[in-house]
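1. return atomic coordinates for the entry below.
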Amino acid sequence: MKNGFDPYANEADVVIVGKLMIENRLDRVTLSGDVDLTADQAGLTRARELHDLLGAIVGKLETQALPDALPPPNIQTVKNPFTG
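-> Residues are numbered from 1 along each chain as shown. A predicted model of the protein is given here:
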C-alpha cells in the first residue's frame, strides 16, 4: 500500500483516517474512533483510503488458512511502576 500498512505484519503500524485509528497487530487489525465520509473531495479521499486499507486486509486474509475464531487476547495487569 502507498502508506506502507501491511496488515498482520507487525505490532507497530497505525494509520489515521479522520478520527478513525487503524492499528496493526500480528493476529488482528483494530479499528477505533470515527470518520465522516462527507460528500466532497475530502470525503472521497478518506473513502478511498479506507477502501484501500480494507482491500489489503481482505486480500491478506484470503491468502491464509484461518481458524473459525481466535481466542480472546491474553490481557495481563501489571503493577504501575510510577506509583508506590
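
2. what comes up buried for stretch 22-32?
-> By 16 or more other Cβ atoms under 10 Å, the buried positions in stretch 22-32 come out as Ile22, Asn24, Val29, Leu31. Every C-beta, even on glycine, is put in place using the N, C-alpha and C of the backbone.

3. nope, stretch 51-67 is what I meant
-> Leu53, Ala56, Ile57.

4. got these as JSON lines, with distance to Ala47 columns?
-> Shown next, in JSON lines, are the buried residues of stretch 51-67 (distance: Cβ to Cβ, whole Å):
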{"residue": "Leu53", "distance to Ala47": "11"}
{"residue": "Ala56", "distance to Ala47": "15"}
{"residue": "Ile57", "distance to Ala47": "16"}
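
5. and these as CSV, adding pLDDT?
-> Listed next are the buried residues of stretch 51-67 as CSV, based on pLDDT from 0 to 100:
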residue, pLDDT
Leu53, 96
Ala56, 96
Ile57, 97
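
6. thinking again about what came up before, from the buried residues of stretch 22-32, which land in strands?
-> Mapping the buried residues of stretch 22-32 onto strands (DSSP state E) picks out Ile22, Asn24, Val29, Leu31.

7. and Gly55, how far is that from Thr45?
-> 16 Å (Cβ to Cβ, to the nearest Å).

8. and if you look at Val14?
-> Val14 is 19 Å from Thr45, by Cβ to Cβ.

9. quick one, which of these two is more surrounded?
-> A count of neighbours by other Cβ atoms under 10 Å puts Thr45 above the other of Val14 and Thr45, at 13 against 10.

10. can you confirm that one is in a helix?
-> Yes - according to DSSP: H, G, I helix; E, B strand; the rest coil, the state of Thr45 is that of a helix.

11. model confidence score at the closest residue to Asp13 other than its chain neighbours, please.
-> Spatial nearest neighbour of Asp13, chain neighbours left out: Asn24 (3.8 Å); criterion: Cβ to Cβ, 6 or more residues apart in numbering. Per-residue pLDDT puts Asn24 at 96.

12. just confirm Asn24 contacts Ala9, I think it does.
-> Yes - with contact defined as Cβ atoms under 8 Å, Asn24 counts as touching Ala9 (6.6 Å).
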